[in-house]
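Asks: For reference, the sequence and a predicted model appear below.
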Amino acid sequence: MVSAENIGLVLKVIQEAIKEFEVPAVSHFNRSPFHVLFSCILSLRTKDKVTIEASRRLFGAADSCSKLIELNEKEIERLIFPVGFYKTKAKRIKEIAKILYGKGCKVPETMDELLKLPGVGRKTANLVIAEGFGRPAICVDTHVHRISNRIGLIKSITPFESEMELRKALPRKYWIEYNKLLVAFGQNICVPVSPFCSKCPIESLCPKTNVKKSR
Ligand code: SF4
């Protein structure tokens, strides 16, 4: 079983195991709050490869909020296509850029203020706080939610419950790196359907909660 006592060791082992794999999409760019915020919006319901290419095109055309507000919605759509829901995302990006511009081009630093931005949920807000500002926050995406339950660190139904449970179970010093490690681990080893348990480096500690089939 993985617990608060051995999670440090488990994360070290995971870090070693994922060295050969691609880093998650948002880690490809300059990790300023601006870049983390917009690449995370692009990444929702979109494959990493598509997110990376779309982010590259968007930041290539507008690398700051003052440049971003000069682009119209159609131009943003063209730059970010084919990310999922690209029309809605282009609209949101334009709206957020305008709001940020009105605040001196500063990305908000708090959860409450980030959640006021259109289209920004807890996952994006936590990622901006952790990756963009380097402050402790736990970004719960599908990989973090699934794996934290499988390894027995928490027991939760919804991603929100996972975030609250992880806040109690995970020592604060691991909050920032937790998402990045588990995303790469979840994309390559502890995959959603039929995880690769036979080649998993933490297999002996894992209760495999809710795993019906593995390889
Ligand atoms: S043993 Fe299987 S379920 Fe457990 S962490 Fe490894 S891959 Fe995931």
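Replies: Cool, the structure landed.
Asks: near the ligand, which residues of this structure show up?
Replies: 150-151, 189-190, 195-197, 200, 202-203, 206, 208, 211, 214 (C-beta under 6 Å from any ligand atom). All C-beta spots, glycine's among them, are computed from the backbone N, C-alpha and C.
Asks: mind putting those residues in a markdown table, distance to H143, pLDDT and secondary structure included?
Replies: Shown next, in a markdown table, are those (distance: C-beta to C-beta, whole Å; pLDDT from 0 to 100; DSSP: H, G, I helix; E, B strand; the rest coil):
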| residue | distance to H143 | pLDDT | secondary structure |
| --- | --- | --- | --- |
| R150 | 10 | 98 | helix |
| I151 | 12 | 97 | coil |
| I189 | 11 | 97 | coil |
| C190 | 8 | 98 | coil |
| P195 | 11 | 98 | coil |
| F196 | 14 | 98 | coil |
| C197 | 16 | 98 | helix |
| C200 | 14 | 97 | coil |
| I202 | 15 | 97 | coil |
| E203 | 18 | 97 | helix |
| C206 | 15 | 97 | coil |
| K208 | 16 | 97 | coil |
| V211 | 14 | 97 | coil |
| S214 | 16 | 97 | coil |
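Asks: need those residues in CSV with distance to S39, can you?
Replies: Putting the residues of the chain next to the ligand into CSV (distance: C-beta to C-beta, whole Å) gives the following:
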residue, distance to S39
R150, 27
I151, 28
I189, 24
C190, 24
P195, 27
F196, 28
C197, 31
C200, 29
I202, 29
E203, 33
C206, 31
K208, 33
V211, 31
S214, 32
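Asks: and those, which two are the farthest apart?
Replies: I151 and F196 (14.3 Å; C-beta to C-beta).
Asks: out of the two, which sits in the busier spot?
Replies: I151 (23 against 13; other C-beta atoms under 10 Å).
Asks: And for E131, the neighbour number?
Replies: E131: 26 neighbours (other C-beta under 10 Å).
Asks: ends of stretch 197-205, how far apart?
Replies: 11 Å (C-alpha to C-alpha, to the nearest Å).
Asks: Thank you, goodbye.
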